[in-house]
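1. Quick one, fold the following:
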Amino acid sequence: MGVGVGLGQLLEGPQEAGRLVGWVLGDETLDFVEDGQISWDSVSAHLLVQAEEGVTPGHDQRAGILGPADVAPDRDTASGQFAYYGNDGLILESMGNFSSFRANTCVLSGKWMYEVTLHTSGIQQLGWCTITCPFTAEEGVGDAPDSYAYDGKRNRKWSVKASPYGQTWAAGDVIGCCLDLDAGEMSFYRNGTPLGVAFSGIRKLQHTQLAFFPAASISYAEKCELNFGGLP
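-> Model (predicted):
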């Protein structure tokens, strides 16, 4: 899979905004500096073209995506503490009370899915969020606007508030996290079985104000393995 950038919202997190712009623009970043400041309007227009045409060298070439071709958790912006296992670091264990991460890539349009294999069956909020979703020791994915999560331990879906959804999961389950930005919907699968549409009316990208990252918040000692398309 792959992912994109919402620079209008990124202004609320300038450090992360700068990092994301650097991923996408690389040496071209200086071309968008005016009077010592980044021209966000110019960058937004440029990134929107890049995402639709998939022409950024060294990045995922598919339309609707911005970010590195090798999708992985962004360790620099993770909250709490994780232990990373495997050669690719895609097996994660939370060593903190409530640890959260975003992937290093985001999506602006189209239909996307990633999978999570549960190594444990406790509290994990799996889903998608924008760059503005705050990560703290008590809040994470699904606890803020424009962030959405499924938690099969408590049979809940989360977006600011919780409501009943899904099935009780177990260790070994494979959870599919699906985002359809064309329809504005998000749904989840458990071992290939659809759990139904969890969220609708998801705001679409408008002048690069929104882009969604694969993301999760995981309780202490919970463990999972991520698949962004590198595994069958």
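2. contacting residues for the nearest residue to G172 once chain neighbours are set aside?
-> Closest residue to G172 apart from its sequence neighbours, by C-beta to C-beta, 6 or more residues apart in numbering: L118 at 6.6 Å. In short, each C-beta sits where N, CA and C put it, glycine included. Going by C-beta atoms under 8 Å, 6 or more residues apart in numbering, L118 touches 124, 169-175, 224.
3. Give me the distance between L118 and L181.
-> The gap separating L118 from L181 is 26 Å, by C-beta to C-beta, to the nearest Å.
4. again, but for Y114
-> Look at Y114 and L181: by C-beta to C-beta, they are 14 Å apart.
5. same question, M113
-> M113 is 12 Å from L181, by C-beta to C-beta.
6. Look at those two and report which has more neighbours.
-> L181 (23 against 17; other C-beta atoms under 10 Å).
7. re the thing from before, show me which of the contacts of L118 are buried.
-> 124, 169, 173, 175, 224 (16 or more other C-beta atoms under 10 Å).
8. would TSV of those residues with secondary structure and distance to L231 be doable?
-> Output for the buried ones among the contacts of L118, formatted as TSV (DSSP: H, G, I helix; E, B strand; the rest coil; distance: C-beta to C-beta, whole Å):
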residue	secondary structure	distance to L231
Q124	strand	19
W169	coil	19
D173	coil	15
I175	strand	14
C224	strand	13
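9. any idea which of those is the one closest to E138?
-> The nearest member of those to E138, counting by C-beta to C-beta, is Q124 at 15.2 Å.
10. and the closest one, what is it in contact with?
-> When contacts are counted by C-beta under 8 Å, 6+ apart, Q124 touches 116, 118, 151-153, 216-219, 222, 224.
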